[in-house]
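Chemist: Pasting the sequence and the predicted coordinates here, then a few questions.
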Amino acid sequence: MRSIQLMTDWQSARKSLQKSLLCATVALTALSLAPAQKFWFIGPGTSINNLAQERISADDVSDNGIAVGWAIMGRNPNYQAFIFDTRTETLTIQYDEVFGNGTYGAFHAISSDGSAMAGFKGVPGVGHGVLYFSRLSYFLGSGIVLGDVIVVNGSPVAVGREYDPTYDVPAIFLFSGGAIQSYLLGTPTGAYAQTQATGVAYRNGSYFCVGFSFEGSGQARQLAILWQVGQNGEVLQRLPIEPNRTQGEDSTAFSDISTDGKTIVGRYRIGSPRTWYPFLYIYNPSFNRYERGDLPIVPDTTNYPAQFAMETNSDGTLIVGSASSSTGVVFWFQSVVFVPNNSKALLWKFTGDRNSIADRKNPEKWELVDLTEWARANIPNFPQDVQLLTAAGISDNGRFICGRAYGPDPRGTGQNVYFAYVIDLQCDGLASDITGDGQVDDADLLEVLFNFGSQVNCPQP
């Protein structure tokens, strides 16, 4: 009995110490392996990559800081997919290993654990979908582009679009027994011919896929769609999210869904003048439905008429996106392919009660952060003349943000160039996940103990 009591006291003390130390992580922890608020630029003239690419973007990033993206020269269709590992500061331009025979390609998504990457090889529309999982490449049919990937029970699940051959149709791709099977999600009726699935989550035995359909290209009307899919690829329900015509809306579009399947982010458009605004949908378990909410915006809608929520972390409390001067930007999943230089990378940070659906839908419970201004003020040595244009991806644990930046060419050409970037927010999101494995456990406690007494500058966005 005495030994049991001692164990109980130790467990109580251990839990108390763990709680105290993890809560104090922001002020007390200095990780020798990953100092807080680091940043990396990837692109022409940088120490990471000297390729002269005119268009480049990091589209997604994993919990352990592996970013994926693409680069092209102008409008040249020869895409170069890249993988950048912040832990080793290693950039890999993917050719033969992933795509085979020197074929070009692009990555749009990476799973939270970094084991699966998704995109395409060749040219969009005529190339092939690519799923890179556990260092093996799986090539899907012609005309397939993958836009998001997760890992469920050790197997990857991806979503994207197929070319059929006159229009795009959305699909989910399930991995089983070493092979991948595609299942079409279906499109809404009417004039909406082009449709793509942009995000996927797994909740309560179902896959929840989000995306949008549009009539053509450019300024065409768009329609947000939510699909619920069974474990065998069968579509259980298809829910179009119609614009609120009484409020002058003519378009809606979804770009991502949180890993827990409870928060969907996207955009809607007011028809005249054409202005895009960010919005979100929150799952209400009491009614088994998603309910619409709004996000705060950049007030200057004259100069920034296109404001988008692009991606969210695992529990929907951090959302990234952009504000742009052009309403005609081109979207491929989370990518903004051609974005004006006068754009802003944005972060929305939830400040309300996490258990309150009303708070989640209330824009006053969200803080809007201009990531460039925050980086200049809080990240040591961040270049003051670099502008973060988009925030395309955020890791599930909320630690890393990636996207596209614009600034002076480090090669001294006197010209401004595009960079991809990754920022380590160490203290934000899951602040106590010190090891970056997506969990708060004994490993994080030990890391704090080994570094106890060190001090770092650790402001939060």
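Modeler: Happy to help now that I have it. No experiment lies behind these values; they were computed from the predicted model shown.
Chemist: What strands line up against the strand or helix carrying Ala224, and which way round?
Modeler: Using DSSP states H and E, Ala224 falls within strand 222-229. Here strand 222-229 is paired, per DSSP bridges, with strand 206-214 (antiparallel), strand 235-241 (antiparallel).
Chemist: Among those, which comes closest to Leu136?
Modeler: The closest of these to Leu136 is strand 206-214. By Cβ to Cβ, the value is 22.4 Å. All C-beta spots, glycine's among them, are computed from the backbone N, C-alpha and C.
Chemist: What confidence value was assigned to the residue positioned nearest the centre of the chain?
Modeler: Residue closest to the average C-alpha location in the chain (Cα atoms, centre = their mean): Gly393, at 2.9 Å. You'll see Gly393 listed with a pLDDT of 96.
Chemist: before we move on, the earlier item: give me the buried positions along the strand holding Ala224.
Modeler: Gln222, Leu223, Ala224, Ile225, Leu226, Trp227, Gln228, Val229 (16 or more other Cβ atoms under 10 Å).
Chemist: For the last one, which non-adjacent residue is spatially closest?
Modeler: Just to be clear, that refers to Val229. Spatially, and ignoring its direct neighbours in sequence, Val229 is nearest to Tyr207 (4.2 Å; Cβ to Cβ, 6 or more residues apart in numbering).
Chemist: name the element the residue nearest to the centre of the chain belongs to?
Modeler: Assigned by DSSP H and E, Gly393 falls in strand 387-394.
Chemist: So which bits of stretch 181-197 are buried?
Modeler: So for stretch 181-197, counting by 16+ other Cβ under 10 Å, buried means Ser182, Tyr183, Leu185, Thr187, Pro188, Tyr192, Ala193, Gln194, Thr195, Gln196, Ala197.
Chemist: My read is that Lys349 contacts Asn313, right?
Modeler: No: counting by Cβ atoms under 8 Å, Lys349 sits too far from Asn313 to count as a contact (10.2 Å).
Chemist: pLDDT below threshold where in this structure?
Modeler: Within the chain, the segments meeting pLDDT under 70 span 1-37, 44-54, 73-78, 94-103, 123-127, 164-167, 189-193, 216-219, 327-341, 427-461.
Chemist: Which residue ranges of it form helices?
Modeler: Ranges of helices within the chain are 2-23, 25-28, 96-99, 357-361, 371-378, 442-450, based on DSSP state H.
Chemist: Mind giving me the packing neighbours of the fifth one?
Modeler: By that I understand helix 371-378. strand 343-350, strand 387-394 (3 or more Cβ pairs under 8 Å, 6 or more residues apart in numbering; DSSP states H and E).
Chemist: Can you tell me which of those strands is nearest to Gly147?
Modeler: Using Cβ to Cβ, the helices and strands packed on helix 371-378 put strand 387-394 closest to Gly147, at 11.7 Å.
Chemist: Taking helix 371-378 as reference, get the angle to that closest one.
Modeler: Strand 387-394 and helix 371-378 are oriented at 100 degrees to each other (axes from the mean of the first three to the mean of the last three Cα atoms, to 10 degrees).
Chemist: Mind giving me the packing neighbours of strand 387-394?
Modeler: Under the contact definition 3+ Cβ pairs under 8 Å, 6+ apart, strand 387-394 sits against strand 55-61, strand 306-312, strand 318-324, strand 335-336, strand 343-350, helix 371-378, strand 400-408.
Chemist: Of the ones you listed, which stretch is the most buried?
Modeler: Between those, strand 55-61 has the highest mean count of neighbours, a mean of 29, where neighbours are mean count of other Cβ atoms under 10 Å.
Chemist: now that strand: how far from the chain's centre is it?
Modeler: In terms of Cα atoms, centre = their mean, to the nearest Å, the centre of strand 55-61 is found 10 Å from the chain centre.
Chemist: Does anything pack onto it? Which helices or strands?
Modeler: Against strand 55-61 (3+ Cβ pairs under 8 Å, 6+ apart) you get strand 66-72, strand 105-110, strand 335-336, strand 387-394, strand 400-408, strand 416-424.
Chemist: Okay, now the sheet partners of that strand, with direction.
Modeler: strand 66-72 (antiparallel).
Chemist: Enumerate residues external to the partner strand that contact any of its residues.
Modeler: Strand 66-72 has contacts (Cβ atoms under 8 Å, 6 or more residues apart in numbering) with 42-43, 51, 53-61, 78-86, 105-110, 114, 117, 119, 335, 393, 400, 402, 420, 422.
Chemist: go again using 6 Å as the cut-off
Modeler: 53, 55-61, 79-85, 106-107, 110, 114, 117, 402, 420, 422 (Cβ atoms under 6 Å, 6 or more residues apart in numbering).
Chemist: any idea of the angle that strand forms with strand 105-110?
Modeler: Using the same axes, to 10 degrees: strand 66-72 against strand 105-110 is 150 degrees.
Chemist: Export strand 66-72 to PDB, keeping only CA atoms.
Modeler: Output in PDB follows, covering the C-alpha atoms of strand 66-72 (Å, rounded to 0.1, in the frame of the first residue of the first chain):
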ATOM      1  CA  ILE A  66       9.300  19.700 -44.300                       C
ATOM      2  CA  ALA A  67       7.900  22.100 -46.900                       C
ATOM      3  CA  VAL A  68       6.900  21.200 -50.500                       C
ATOM      4  CA  GLY A  69       6.200  23.300 -53.500                       C
ATOM      5  CA  TRP A  70       7.100  24.200 -57.100                       C
ATOM      6  CA  ALA A  71       9.000  26.600 -59.300                       C
ATOM      7  CA  ILE A  72       8.600  27.700 -62.900                       C
END
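Chemist: how far off strand 400-408 does it point, in degrees?
Modeler: Relative orientation of strand 66-72 versus strand 400-408 (the same axes, to 10 degrees): 40 degrees.
Chemist: Return the distance of strand 66-72 from the chain's centre.
Modeler: Worked out by Cα atoms, centre = their mean, strand 66-72 lies 13 Å from the chain centre.
Chemist: Quickly list what the residue nearest to Phe139 when sequence neighbours are not counted is bridged to.
Modeler: Leaving aside its sequence neighbours, Phe139 sits nearest to His128 (Cβ to Cβ, 6+ apart; 5.0 Å). When bridges are called by DSSP bridges, His128 pairs up with Lys121, Ser142.
Chemist: Was I right to think His128 contacts Ala106?
Modeler: No: if you go by Cβ atoms under 6 Å, His128 and Ala106 don't touch, sitting 11.9 Å apart.
Chemist: Please say which of the two ends up with more neighbours.
Modeler: Per other Cβ atoms under 10 Å, whichever of His128 and Ala106 has more neighbours is Ala106, with 29 against 19.
Chemist: Hmm, that one is touching Tyr79, no?
Modeler: Yes: contact status for Ala106 versus Tyr79: in contact at 4.3 Å, counting by Cβ under 6 Å.
Chemist: and the end-to-end length of stretch 402-414?
Modeler: Taking Cα to Cα, to the nearest Å, the first and last residues of stretch 402-414 lie 25 Å apart.
Chemist: any chance of the buried residues of strand 222-229 in TSV, plus distance to Ser255?
Modeler: Shown next, in TSV, are these (distance: Cβ to Cβ, whole Å):
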residue	distance to Ser255
Gln222	11
Leu223	14
Ala224	9
Ile225	12
Leu226	12
Trp227	15
Gln228	18
Val229	18
